[in-house]
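>>> Sharing a sequence plus its predicted fold:
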Amino acid sequence: QVQLVESGGGSVQAGGSLRLSCAASGYTRRGNWMGWFRQSPGKEREGVAAIYTSGDLTSYANSVKGRFTISQDNDKNTVYPRMNILKHEDTAMYYCADEGRLLLQGSYAYWGQGTQVTVAS
């Protein structure tokens, strides 16, 4: 059974930090990109950060560059976005996706259920 399990969401004050995680299981990974996307009420889902699981290439949305860092533990099939200096506008449901390319949503094969991040201003 394909599973992408996200965790680490929650509520934090502006300026604070959170570390999310996404663990993949139930399928044979082919070593493409694993990405994180987010969606706020009334807005379209947008790419946040992605990492090439066969190497250490990363890609970030301009809105999070310098604040978010994505890393991985391939032994655990897990990716960790670290979100620093959080802003109110980072409030969203964050989704993990696997086996895609960069921050191209349509390229991703598998999606998680999402974890909520709320940043109080």
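Cool, got the structure.
>>> Need the residue closest to the centroid of this structure.
Note on the chain: the residue nearest the mean C-alpha position is W36, at 2.5 Å, using Cα atoms, centre = their mean.
>>> quick one: L20 and A92 touch, right?
No - between L20 and A92 there is no contact under Cβ atoms under 8 Å: 11.6 Å. Where you see a C-beta, it was placed from the backbone N, CA and C, and this is true even at glycine.
>>> do you know how far the closest residue to the residue nearest to the centre of the chain other than its chain neighbours is from Y108?
Leaving aside its sequence neighbours, W36 sits nearest to V48 (Cβ to Cβ, 6 or more residues apart in numbering; 4.6 Å). Going from V48 to Y108 by Cβ to Cβ, to the nearest Å gives 13 Å.
>>> what do the two both touch?
G35 (Cβ atoms under 8 Å, 6 or more residues apart in numbering).
>>> where does the chain dip in pLDDT?
Applying pLDDT under 70 to the chain flags no residue at all.
>>> Helices along that one, start to end?
In the chain, no segments count as helices under DSSP state H.
>>> Look through it and tell me its longest strand.
The longest strand of the chain (DSSP state E) is strand 92-100.
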